[in-house]
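**Student:** coordinates only, sequence not included:
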């Protein structure tokens, strides 16, 4: 049997040489605006909306964007740390060379979008929705993704490492080439979509139970 190919390593964000401090008065979210080389620190931007905006080489630290609505918004070469993106709704939006760390993304909806060269570490992303989104060279590491919905997503370029995927939904997702290592797969849906994925041996017992439930196979105890 051929050994599985190595997972794609996300390219790192390309930070600017210097950051200009953003303010709510000067840099509030606006449609079709471009934000370049800005540091968004300790800003309250919850419940805003933006269509067609572009963020390039920006840094978000302790920023509240909860409940914000994005339509065709792009973040490129950005860093996100200790921020709140809970219940943010992104429609046809993209992340390119973005690193997210220690942030709350509970209830995030990223629909029909793109994530490419993205790393998410130590994040709470439970109850999120990534329907019909395309992932390329994306790593979820030590994240809570319980109840996440990946229906119809292309996850062929994703690595899940030490993630809680309890109750996550993978129906009609493309998983060939995806990797899952030391994850909690209890109660996942759409388990047959994991065809072609690489799963660590430690995860196989939980995965076999999910597969048995999906195929209505009754498990018996020999004892």
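**Tutor:** Arrived safely. Quick caveat: nothing in here was measured; it's all calculated off a predicted structure. Numbering: from 1, shown residues only.
**Student:** hey, let's count contacts and neighbours off CA atoms from now on
**Tutor:** Fine.
**Student:** count the neighbours of the closest residue to residue 45 other than its chain neighbours for me.
**Tutor:** Excluding the flanking residues, the one nearest residue 45 by C-alpha to C-alpha, 6 or more residues apart in numbering is residue 65, at 5.0 Å. Burial measure for residue 65: 22 neighbouring residues, criterion other C-alpha atoms under 10 Å.
**Student:** residue 40 now?
**Tutor:** 23.
**Student:** what do you get for the one 4 residues further on?
**Tutor:** Per other C-alpha under 10 Å, the neighbour tally for residue 44 reads 17.
**Student:** how much space separates it from residue 182?
**Tutor:** Distance of residue 44 to residue 182, computed by C-alpha to C-alpha, to the nearest Å: 36 Å.
**Student:** again with residue 203
**Tutor:** Taking C-alpha to C-alpha, one finds residue 203 at 6 Å from residue 182.
**Student:** and what of residue 62?
**Tutor:** 29 Å.
**Student:** how about residue 23?
**Tutor:** Applying C-alpha to C-alpha to residue 23 and residue 182 gives a distance of 41 Å.
**Student:** what's the answer for residue 35, then?
**Tutor:** Counting by C-alpha to C-alpha, the gap from residue 35 to residue 182 is 38 Å.
**Student:** beta partners of residue 110?
**Tutor:** For residue 110, the beta-bridge partners are residue 90 (DSSP bridges).
**Student:** isn't it right up against residue 130?
**Tutor:** Yes: assessed by C-alpha atoms under 8 Å, residue 110 is found in contact with residue 130 at 4.9 Å.
**Student:** quick check: pLDDT value at residue 165.
**Tutor:** What the model reports as pLDDT for residue 165 is 97.
**Student:** can you get me a residue count around it?
**Tutor:** Neighbours of residue 165 (other C-alpha under 10 Å): 24.
**Student:** one more: residue 27?
**Tutor:** Counted by other C-alpha under 10 Å, the residues lying close to residue 27 total 14.
**Student:** backbone dihedrals for it, both of them.
**Tutor:** For residue 27, the backbone dihedrals (degrees, to the nearest 10) come out as phi -130, psi 30.
**Student:** for it, what are its contacts?
**Tutor:** Taking C-alpha atoms under 8 Å, 6 or more residues apart in numbering, we find residue 27 in contact with residue 35.
**Student:** distance of it from residue 33?
**Tutor:** Distance of residue 27 to residue 33, given as C-alpha to C-alpha: 9 Å.
**Student:** the helices in this structure, which residues?
**Tutor:** 24-27, 204-214 (DSSP state H).
**Student:** weakest of those helices by average pLDDT?
**Tutor:** When these are compared on mean pLDDT, helix 204-214 scores lowest, with a mean of 66.
**Student:** count the residues that sit near residue 26.
**Tutor:** Quick note: residue 26 (other C-alpha under 10 Å) scores 7 neighbours.
**Student:** do the same with the one 10 residues further on
**Tutor:** For residue 36, the number of neighbouring residues by other C-alpha under 10 Å comes to 18.
**Student:** residues near the residue lying closest to it once chain neighbours are set aside, how many?
**Tutor:** Spatially, and ignoring its direct neighbours in sequence, residue 36 is nearest to residue 56 (4.7 Å; C-alpha to C-alpha, 6+ apart). By other C-alpha under 10 Å, the residues close to residue 56 number 19.
**Student:** got a list of what residue 56 touches?
**Tutor:** 34-37, 75-78.
**Student:** now the buried members of those.
**Tutor:** Those of the contacts of residue 56 that meet the buried threshold are 35-37, 75-78, by 16 or more other C-alpha atoms under 10 Å.
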